[in-house]
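Undergrad: Quick check, what structure comes out for this input:
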Amino acid sequence: MKLDKKIFETVLYLLREQPETPPEQKKNEKSKDKDDESKKSSPDADKEKSVSRAKISAQGAFGKGSWSKQLQVAESRAIDDPSGLVKDLGIKSATGNSDLKKASNVIEQAVNNNNIMKEAFNDPTIQTIKTGNRKIEICQIVPANPDVSYRNAAKYIYLTLVAAENAGILKMKRGVRFANRATTQYPTLLEI
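TA: Numbering: from 1, shown residues only. Below is the predicted model of the structure:
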């Protein structure tokens with residue numbers, strides 16, 4: 001079984017694990033939902049859901065094309081239920097003295113505390129590289145499984161960071177960005 005399929009099945013399992021709402025509570029929620037619909041359709045409501053994307057840039061990291069159903073489900077959960085996803089991944093905090101180290105710490109916790117992530121990725125490594133006259137720190141996340149494509153690996157890492165930021169765990173000053181896919185062999189983060 002391919003790893004992407006395993007991840008998809010695990011995500012579906014976790015989504016199905018949500019407790020059912022009693023019928024009485026559903027009626028009350030329906031009336032609340034009607035009132036909330038006008039609030040949700042406002043531009044401010046849309047901004048609230050996508051706030052984290054300003055701190056995590058992935059431009060040029062994914063390439064083109066549509067996403068598989070598993071990644072669409074993961075993206076939905078990262079935005080709509082970030083606290084639940086972060087809990088399932090075993091992310092408790094983001095420690096580090098820079099945005100890059102905080103992001104690396106979040107990914108490391110997900111890899112070490114979640115069996116599916118552990119199967120998919122090795123621990124992230126922070127390295128200092130020299131480009132011209134200056135040195136920069138990068139965080140590289142190497143897939144542990146050859147079935148995980150660069151594109152899917154970058155997207156899962158991105159969604160993990162988005163969920164952690166949306167859940168209030170990952171708080172960055174300036175943010176991180178993915179290196180362009182054409183310039184690196186593995187998903188690589190840089191500080192903005």
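
Undergrad: so Thr160 makes contact with Val111?
TA: No. Here Thr160 lies out of contact with Val111, judged by CB atoms under 8 Å, at a distance of 9.3 Å. Any C-beta I mention is one placed from the backbone N, CA and C, and that applies to glycine too.

Undergrad: who's more crowded, those two?
TA: Thr160 (28 against 23; other CB atoms under 10 Å).

Undergrad: Quick check: phi and psi on the more buried one?
TA: Thr160 adopts backbone torsions of phi -60, psi -40, taken as degrees, to the nearest 10.

Undergrad: Leaving out sequence neighbours, find the closest residue to it.
TA: Excluding the flanking residues, the one nearest Thr160 by CB to CB, 6 or more residues apart in numbering is Ala110, at 5.3 Å.

Undergrad: Roughly how far does the one you found sit from Arg174?
TA: Distance, Ala110 to Arg174, by CB to CB, to the nearest Å: 22 Å.

Undergrad: Neighbour count: the two, which is higher?
TA: Between Ala110 and Arg174, counting by other CB under 10 Å, Ala110 is the more crowded of the two (27 against 11).

Undergrad: Please write out the alpha-carbon positions of the strand or helix carrying that one in CSV.
TA: Using DSSP states H and E, Ala110 sits in helix 99-113. Extracted C-alpha coordinates of helix 99-113, given in CSV (Å, rounded to 0.1, in the frame of the first residue of the first chain):
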residue,chain,number,x,y,z
ASP,A,99,11.2,31.2,12.9
LEU,A,100,13.1,28.5,11.0
LYS,A,101,13.9,26.6,14.2
LYS,A,102,10.3,26.9,15.4
ALA,A,103,9.0,25.5,12.2
SER,A,104,11.6,22.7,12.3
ASN,A,105,10.6,21.9,15.8
VAL,A,106,6.9,21.6,14.8
ILE,A,107,7.8,19.2,11.9
GLU,A,108,10.1,17.2,14.2
GLN,A,109,7.3,16.7,16.8
ALA,A,110,4.9,15.6,14.0
VAL,A,111,7.5,13.1,12.7
ASN,A,112,8.4,11.7,16.1
ASN,A,113,4.8,11.6,17.5
